[in-house]
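> need the 3D shape of this:
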Amino acid sequence: MAAGGFCKLPSGSVVVALNLPSPAADGSAGVRVLVHARNRARALTRLRNLGLRAVYLRGNAAPPTPDEVTAVLHHPDGLIWRTAPTPDTVTVLELWHPIRALLGRPTAQA
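Numbering: from 1, shown residues only. Reported below is the predicted structural model:
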């Protein structure tokens with residue numbers, strides 16, 4: 001289960017944001033994942049197809065910010081992530097990464 005939220009765009013599509021916990025039990029920060037899809041169900045299906053089986057969106061407690069929406073809309077895959085900010089960290093945020101970098105999948109070579 002993950003905290004997160006969504007926002008509906010004027011085109012009818014949605015951007016879903018999820019805060020996923022770190023798989024390490026050392027208390028390290030989790031990740032924030034953004035997905036652009038036609039609807040919420042399809043966004044969650046995209047994540048489940050990548051192997052994130054236990055991902056559910058309950059409520060709208062942490063919807064994507066306007067900057068996050070812009071970032072995911074400008075990414076060709078429409079699926080990005082970065083380390084989730086914690087309250088005790090400085091406001092310097094890292095850049096967004098393609099989901100392949102999180103899952104350890106190789107990028108397509110031309």
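
> what about A62, distance to V16?
11 Å (CB to CB, to the nearest Å). C-beta coordinates here come from the backbone N, C-alpha and C atoms, glycine included.

> could you do R32 as well?
Distance of R32 to V16, computed by CB to CB: 11 Å.

> who's more crowded, the two?
Neighbours were tallied for R32 and for V16 using other CB atoms under 10 Å; the higher tally belongs to V16 (27 against 23).

> need the next SSE after the regular element (helix or strand) spanning the more buried one, C-terminal direction.
Under the criterion of DSSP states H and E, V16 resides in strand 14-20. For strand 14-20, the following helix or strand on the C-terminal side (DSSP H and E) is strand 31-37.

> that next one pairs with which strands, and in what direction?
strand 14-20 (antiparallel), strand 79-83 (antiparallel) (DSSP bridges).

> for R38, find the nearest of the ones you listed.
Closest to R38 of the strands paired with strand 31-37 is strand 14-20 (CB to CB; 7.5 Å).

> how about the CA coordinates for the closest one, as PDB?
The C-alpha coordinates for strand 14-20 follow below in PDB (Å, rounded to 0.1, in the frame of the first residue of the first chain):
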ATOM      1  CA  VAL A  14      -4.800  11.700 -15.000                       C
ATOM      2  CA  VAL A  15      -1.400  11.900 -13.200                       C
ATOM      3  CA  VAL A  16      -1.000   9.600 -10.300                       C
ATOM      4  CA  ALA A  17       1.600  10.200  -7.700                       C
ATOM      5  CA  LEU A  18       2.600   7.400  -5.200                       C
ATOM      6  CA  ASN A  19       5.000   7.500  -2.300                       C
ATOM      7  CA  LEU A  20       6.500   4.000  -2.100                       C
END
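
> quick check, central residue of the protein?
V33 (1.2 Å; CA atoms, centre = their mean).

> bridge partners for that one, pull those for me.
With DSSP bridges as the rule, V33 is bridged to L18, W81.

> what sits against it?
17-18, 20, 47, 79-81, 99, 102 (CB atoms under 8 Å, 6 or more residues apart in numbering).

> can you list the buried residues in the worst-scoring helix or strand of the chain on mean pLDDT?
Within the chain, no helix or strand scores below helix 99-103, which has a mean of 77 by mean pLDDT, DSSP states H and E. Judged by neighbour count using 16 or more other CB atoms under 10 Å, the buried positions of helix 99-103 are 99, 102.
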